[in-house]
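K.L.:
Only the shape, not the letters, is given here:
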DNA sequence: ATAGGGTTAG
């Protein structure tokens, strides 16, 4: 009797609440609504609740979620029913309860999604979210997974600062930060770091200083970072250290080492690793698709595509199914060598295996067609791609723009770019950089400058390449002052000037200021071990153009003696210099020298020699030189051949009849 | 988790 009375009363309240719904503004009315919902929820009367959902106010909902925060099923069911009509995101606390519940049920994907929504759409900072998570649950759910998830949400949104702020806050509050959270953070850092993983090592040391022990994932990250820095031996040492401390390496560990070896062209090491994976891991690890793809990529990048393809066969023999990446790598390998017929053959093989070429495959081939000057072929392949519903991506756009530029259609490239920008399809600075470069090269630095400004307007942040390209543009224009101003900008925005930037400035100094000043810069760079063959070539060229014969020869000998690599450009600079001095015989001798050193003359060598010889030699001598170069595998520069060599051939009478 | 395609220097 008492029970039924109670039920009656409750029902009465419920109906009232339903009628008055949202209009209730007095605390009392809200109280009734709240209680009505709670009662129905406890009895899992979802149908009543669905009717009520339109009456749920923003202040009631959080209270309900709070009330049921210990009943995951209720929270999730309520969330699903309610989120259709109301935004749970409106209340940070509600959202945190849902997130926590999802994490407890190991539903990390949805928890991640909600966290990201809170940050992107509601503008909450990671710390604000953390604060509420801690307030609501600290005592009830000692669950680190929710903090791990928050760190992950930050890194997936690209916010290193956010991720670190969470870790830092937890630590200063005396709360536990899991190794997973650290690994996730470090993983993000190592990927955004430059070639030298400064920040990664900094934070890794911090983690170790708190007494953490590395797990497999951490060790893999360390190996990855070392490989990225091209320190293969150090990476292998870490591998042994890992074994010593009883951590069992997995296939990812090996793949990182294999890839690291391939990227520095240490194919022997890579192969040894692959052949010994089983033994080195105590029979635990066997190569997988990724292993083979790394190996194939290594050979392809060295130009040994045929060897790469043999590994495709081996992989199939061992029962591993190649994937699109495998074929895409081979297509790229053949394309780079200019063997498009072979590239298409691989595409066919891929289709036969039931794999569809994706945008990467198309991009690769389109790029090559543009390089070969086949604008029509490239654009028809682009149409084919769109017809097959393979959407062009940011690579396609860049390749298309660059392809148009390099074939002399700068205006078309600019209007295509405009189109892409208007559709908001530009994600990074890449395509801008390409056009900026071409504008600079076509002496239109003002337009290049405007393009940089438009990036800021669009919210695109110029990267180091943008700055480097502008610096080079100003240097080539002879405006060293502006170049230095851009350099100062790089420092201001806390970016790292790289070697390319320094080499550009160096060239500018040689040409516009003095080679003596350039010399000082080179000394400074060598002091920080930041120099390469281009640095030396640029200085060598500087000596040559300012007529410092002694210094030029000195540097050349030093480069050979100190085993600083000497390449075909080095010889081209010297050959050009000899020609300018009228010492064509010396220049020709240099060609033999370079060949004996295993360095092959290119079309620049050809043009340099042919052009200067043309001035003072007979037609026979010019043609003889042409034959000499062609026999040594040089592809003559078409323009030079047409304007200089061919007329001479005709002159002698060997022309086509 | 690890593997494939586009930019800057002589």
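P.N.:
Perfect, I can see it now. These figures come from a predicted structure and were not determined experimentally.

K.L.:
Check which residues of stretch A:365-379 are buried.
P.N.:
A:365, A:366, A:367, A:368, A:369, A:370, A:371, A:374, A:375, A:377, A:378, A:379 (16 or more other Cβ atoms under 10 Å). For the C-beta atoms, the positions are set from N, CA and C on the backbone; glycine is no exception.

K.L.:
what residues are up against the first one?
P.N.:
Neighbour list for residue A:365: A:331, A:335, A:340, A:343, A:344, A:347, A:381 [criterion: Cβ atoms under 8 Å, 6 or more residues apart in numbering].

K.L.:
Tell me the confidence at the nearest residue to the fourth one once chain neighbours are set aside?
P.N.:
So that's residue A:343. Leaving aside its sequence neighbours, residue A:343 sits nearest to residue A:334 (Cβ to Cβ, 6 or more residues apart in numbering; 4.0 Å). Residue A:334 is assigned 97 on the pLDDT scale.

K.L.:
tell me the secondary structure for residue A:334?
P.N.:
Secondary structure state of residue A:334, per DSSP: H, G, I helix; E, B strand; the rest coil, is helix.

K.L.:
Contacts only, for it.
P.N.:
A:305, A:340, A:342, A:343, A:346.

K.L.:
would you turn the contacts of residue A:365 into CSV with neighbour count, distance to residue A:526 and secondary structure?
P.N.:
Listed next are the contacts of residue A:365 as CSV, based on neighbours: other Cβ atoms under 10 Å; distance: Cβ to Cβ, whole Å; DSSP: H, G, I helix; E, B strand; the rest coil:
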residue, neighbour count, distance to residue A:526, secondary structure
A:331, 29, 41, helix
A:335, 25, 37, helix
A:340, 17, 42, helix
A:343, 23, 42, helix
A:344, 14, 47, helix
A:347, 21, 47, helix
A:381, 17, 46, helix
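
K.L.:
Residue numbers of the stretch 201-350 of chain A in contact with DNA strand B?
P.N.:
When proximity is defined as Cβ under 7 Å from any atom of the strand, the stretch 201-350 of chain A approaches DNA strand B at A:216-217, A:220-221, A:224, A:250-252, A:255-256, A:259, A:288-290, A:293-294, A:297, A:301, A:323-326, A:328-329, A:332.

K.L.:
Filter those down to the buried ones.
P.N.:
A:217, A:220-221, A:224, A:251-252, A:255-256, A:259, A:290, A:293-294, A:297, A:301, A:324-326, A:328-329, A:332.

K.L.:
Report the separation between residue A:503 and residue A:216.
P.N.:
With the distance defined as Cβ to Cβ, to the nearest Å, residue A:503 ends up 40 Å from residue A:216.

K.L.:
circling back to that earlier point, reformat the buried residues of stretch A:365-379 as a markdown table; add distance to residue A:499, pLDDT and secondary structure.
P.N.:
What follows is the buried residues of stretch A:365-379, written out as a markdown table (distance: Cβ to Cβ, whole Å; pLDDT from 0 to 100; DSSP: H, G, I helix; E, B strand; the rest coil):
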| residue | distance to residue A:499 | pLDDT | secondary structure |
| --- | --- | --- | --- |
| A:365 | 31 | 97 | helix |
| A:366 | 30 | 97 | helix |
| A:367 | 25 | 97 | helix |
| A:368 | 28 | 97 | helix |
| A:369 | 31 | 96 | helix |
| A:370 | 27 | 96 | helix |
| A:371 | 25 | 95 | helix |
| A:374 | 34 | 95 | coil |
| A:375 | 33 | 95 | helix |
| A:377 | 36 | 96 | helix |
| A:378 | 32 | 96 | helix |
| A:379 | 36 | 94 | helix |
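
K.L.:
from those residues, which is closest to residue A:536?
P.N.:
Sorting those by how near they are to residue A:536, with Cβ to Cβ, puts residue A:371 at the top with 27.9 Å.

K.L.:
Would you agree the closest one is in contact with residue A:406?
P.N.:
Yes. Counting by Cβ atoms under 8 Å, residue A:371 touches residue A:406, with 7.4 Å between them.

K.L.:
Could you pull out the helices in the stretch 51-200 of chain A for me?
P.N.:
With DSSP state H, counting those that start in this stretch as the criterion, the stretch 51-200 of chain A has helices at A:60-67, A:72-83, A:92-104, A:108-120, A:126-137, A:145-156, A:160-172, A:179-192, A:198-209.

K.L.:
Show me what the third one is packed up against.
P.N.:
This means helix A:92-104. helix A:60-67, helix A:72-83, helix A:108-120, helix A:126-137, helix A:145-156 (3 or more Cβ pairs under 8 Å, 6 or more residues apart in numbering; DSSP states H and E).

K.L.:
okay, these in TSV with mean neighbour count, mean pLDDT and distance to DNA strand B next?
P.N.:
Output for the helices and strands packed on helix A:92-104, formatted as TSV (neighbours: other Cβ atoms under 10 Å; pLDDT from 0 to 100; distance: least, Cβ to the nearest atom of the strand, whole Å):
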stretch	mean neighbour count	mean pLDDT	distance to DNA strand B
helix A:60-67	20	78	31
helix A:72-83	18	79	24
helix A:108-120	18	92	12
helix A:126-137	19	88	21
helix A:145-156	23	94	11
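
K.L.:
Low-confidence ranges, the stretch 501-650 of chain A, go.
P.N.:
For the stretch 501-650 of chain A, no stretch is flagged by pLDDT under 70.

K.L.:
Quick check: residues of it near DNA strand B?
P.N.:
Counting by Cβ under 7 Å from any atom of the strand, the stretch 501-650 of chain A sits next to DNA strand B at A:501, A:503-504, A:507, A:532-534, A:537-538, A:541, A:567-570, A:573.

K.L.:
Spatially, which two of the residues you listed are the most separated?
P.N.:
Among those, the pair separated by the greatest distance (Cβ to Cβ) is A:501 and A:568, which sit 23.7 Å apart.

K.L.:
ok, the two, which is more surrounded?
P.N.:
residue A:501 (23 against 16; other Cβ atoms under 10 Å).

K.L.:
Relative to residue A:312, how far out is the more buried one?
P.N.:
Taking Cβ to Cβ, one finds residue A:501 at 40 Å from residue A:312.

K.L.:
same check, this time on residue A:569
P.N.:
Look at residue A:569 and residue A:312: by Cβ to Cβ, they are 35 Å apart.

K.L.:
ditto for residue A:613
P.N.:
Residue A:613 is 47 Å from residue A:312, by Cβ to Cβ.

K.L.:
ditto for residue A:247
P.N.:
33 Å.

K.L.:
Look at those two and report which has more neighbours.
P.N.:
More neighbours surround residue A:312 than the other of residue A:247 and residue A:312, with 21 against 18 (other Cβ under 10 Å).

K.L.:
Now do the same for that one: its pLDDT.
P.N.:
97.

K.L.:
That one: what secondary structure?
P.N.:
Criterion first, three-state DSSP; result for residue A:312: helix.

K.L.:
Contacts only, for it.
P.N.:
Contacts of residue A:312 (Cβ under 8 Å, 6+ apart): A:292, A:296, A:322, A:326, A:330.
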